[in-house]
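Peer 1: from the sequence below, what's the structure:
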Amino acid sequence: MLYSPYVRAQQTAQAVLARIDADSLASVVADERLREKEFGILDRLTVHGIASKYPELYEQRQHVGKFYFRPPGGESWCDVILRLRSVLDTITREYRGERVLIVGHQVIVNCLRYLLERCDEQAILAIDKAADVPNCGVTSYAFNPALGRHGKLQLDLCNFVAPLEAAGTPITAQPDMPAAPKS
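Peer 2: Predicted coordinates for the structure are as follows:
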């Protein structure tokens, strides 16, 4: 299991570990590369909030696009993807042939999907715009030997929350702001 060092991800990892045989795991590692995207000075602002408080940054974001925009003190999606390429290299090297559980965050899930599904910018931004990644949602992949020359990972589940729903646990998904469109 690899997990983000941020508090909620640590708590989720601990909750998972409490329910499984942790001795059966190859390792349990907090990995700083799995932390959420750094939003810099725009942290906790909606698109509407960015436009109101930092109109010049809003304009720049509109010009270069969400995928490439790097706010002051923050990261672009491309920055996150670079660190996740390193995570995937580590997984390939150290956990080849093993099942790996990653506990991360919204942009991490989407950027891993970008890499594993070989999406382009438009495809991953459409996935991001269509729906938020729900808290404790499961996105999983299974190895399919029939794909490609040597097999590939194939999307198995996406944002799966049925066990939470069956247990009566509310799925928290709060919109940023009712009138603020995602872009």
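
Peer 1: going by C-alpha atoms from here, please, whenever you check contacts or count neighbours.
Peer 2: Noted.

Peer 1: wait, doesn't L84 sit right on R33?
Peer 2: Yes: assessed by Cα atoms under 8 Å, L84 is found in contact with R33 at 6.7 Å.

Peer 1: out of the two, which sits in the more crowded spot?
Peer 2: Each of L84 and R33 has its neighbours counted (other Cα atoms under 10 Å); R33 has more, 21 against 18.

Peer 1: pLDDT value on the closest residue to the more buried one other than its chain neighbours, please?
Peer 2: Excluding its sequence neighbours, the residue lying closest to R33 (Cα to Cα, 6 or more residues apart in numbering) is R83, at 5.9 Å. pLDDT, R83: 97.

Peer 1: quick one: the strands in this structure, in order.
Peer 2: Along the chain, counting by DSSP state E, strands occupy 2-3, 29-30, 102-103, 138-144, 152-160.

Peer 1: next, format those strands as JSON lines and append mean pLDDT.
Peer 2: What follows is the strands of the chain, written out as JSON lines (pLDDT from 0 to 100):
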{"stretch": "strand 2-3", "mean pLDDT": "97"}
{"stretch": "strand 29-30", "mean pLDDT": "96"}
{"stretch": "strand 102-103", "mean pLDDT": "97"}
{"stretch": "strand 138-144", "mean pLDDT": "95"}
{"stretch": "strand 152-160", "mean pLDDT": "95"}
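
Peer 1: can I get those in JSON lines with mean neighbour count and distance to R19?
Peer 2: Below are those laid out as JSON lines (neighbours: other Cα atoms under 10 Å; distance: least, Cα to Cα, whole Å):
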{"stretch": "strand 2-3", "mean neighbour count": "22", "distance to R19": "16"}
{"stretch": "strand 29-30", "mean neighbour count": "16", "distance to R19": "17"}
{"stretch": "strand 102-103", "mean neighbour count": "24", "distance to R19": "15"}
{"stretch": "strand 138-144", "mean neighbour count": "15", "distance to R19": "16"}
{"stretch": "strand 152-160", "mean neighbour count": "15", "distance to R19": "18"}
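
Peer 1: what's around the residue nearest to R33, how many residues?
Peer 2: As a burial measure, R83 scores 16 neighbours (other Cα under 10 Å).

Peer 1: what about it, distance to Q10?
Peer 2: R83 is 19 Å from Q10, where distance means Cα to Cα, to the nearest Å.

Peer 1: next one: I108
Peer 2: 15 Å.

Peer 1: of the two, who's got more company?
Peer 2: I108 (24 against 17).

Peer 1: which ones are touching Y58?
Peer 2: Remark: with contacts taken as Cα atoms under 8 Å, 6 or more residues apart in numbering, Y58 is in contact with V47, I50, A51.

Peer 1: closest one to E98 out of those, please.
Peer 2: V47 (39.9 Å; Cα to Cα).

Peer 1: contacting residues for R99?
Peer 2: Residues in contact with R99 (Cα under 8 Å, 6+ apart): none are found.
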